[in-house]
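Engineer: What would the 3D arrangement of this be:
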Amino acid sequence: MYGLEAISANNGWAMAIIGPLIVMSGLTILSIIISQLHKVVAIFDKKAKQATEPVVKSKDEISVPKILPNDIFETANIYQALIDKLEQPFELSDLYKLAEQNSFPHPILTVNRLRDAGILKPEGEGLFIWNR
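Structural biologist: Model (predicted):
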């Protein structure tokens with residue numbers, strides 16, 4: 001048996017269609033992987049940069065302990081450096097932002113304790129003054 005009869009008898013038509021489909025799907029998957037490869041490289045590059053870059057503190061950063069003292073007056077002494085950066089009277093949101101930027105632990109709770117102790121006094125219209 002030769003020719004078209006042999007192709008039909010041995011599933012040649014199915015193989016002739018499936019072969020190029022497999023090749024084309026493989027090439028499509030490969031092109032998608034190559035087009036997204038820059039994202040994977042960027043992730044590894046970012047991790048490598050973070051590991052090798054030294055941490056440099058600016059002159060304006062304030063040294064803060066990881067845990068603030070229980071005594072509110074000692075905590076107030078630590079917060080004094082932040083208050084010095086603000087104009088009197090100031091909004092609490094400005095103090096919160098400065099505390100978060102300088103990595104102060106629990107700024108909302110600490111500012112609330114400072115208000116309860118009378119160290120931060122309301123000046124009206126949402127403004128506060130430092131009473132030390």
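Engineer: only C-alpha atoms for contact and neighbour calcs from this point on.
Structural biologist: Will do.
Engineer: in this structure, which spans are helices?
Structural biologist: In the chain, the helices defined using DSSP state H lie at 4-9, 12-52, 72-85, 92-101, 107-116.
Engineer: care to break this structure down by domain?
Structural biologist: 4-52, 72-130 (automatic domain parsing).
Engineer: Could you save the ones you listed as JSON lines and add columns showing mean pLDDT and mean neighbour count?
Structural biologist: Formatted as JSON lines, the domains of the chain follow (pLDDT from 0 to 100; neighbours: other C-alpha atoms under 10 Å):
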{"stretch": "domain 4-52", "mean pLDDT": "88", "mean neighbour count": "11"}
{"stretch": "domain 72-130", "mean pLDDT": "82", "mean neighbour count": "15"}
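Engineer: now stretch 81-93, how far from the chain's geometric center?
Structural biologist: The chain centre lies 27 Å from the centre of stretch 81-93; the measure is C-alpha atoms, centre = their mean, to the nearest Å.
Engineer: what are the bridge partners for residue 124, then?
Structural biologist: Going by DSSP bridges, residue 124 is paired in beta bridges with residue 127.
Engineer: go on, residue 120?
Structural biologist: Going by DSSP bridges, residue 120 forms beta bridges with residue 130.
Engineer: quick revisit: for the helices of the chain, which one sits closest to residue 125?
Structural biologist: helix 92-101 (11.4 Å; C-alpha to C-alpha).
Engineer: Which elements pack onto that closest one?
Structural biologist: Helix 92-101 sits against helix 72-85, helix 107-116, with contacts defined as 3 or more C-alpha pairs under 8 Å, 6 or more residues apart in numbering; DSSP states H and E.
Engineer: would you turn the helices of the chain into JSON lines with distance to residue 130?
Structural biologist: Shown next, in JSON lines, are these (distance: least, C-alpha to C-alpha, whole Å):
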{"stretch": "helix 4-9", "distance to residue 130": "93"}
{"stretch": "helix 12-52", "distance to residue 130": "39"}
{"stretch": "helix 72-85", "distance to residue 130": "7"}
{"stretch": "helix 92-101", "distance to residue 130": "11"}
{"stretch": "helix 107-116", "distance to residue 130": "9"}
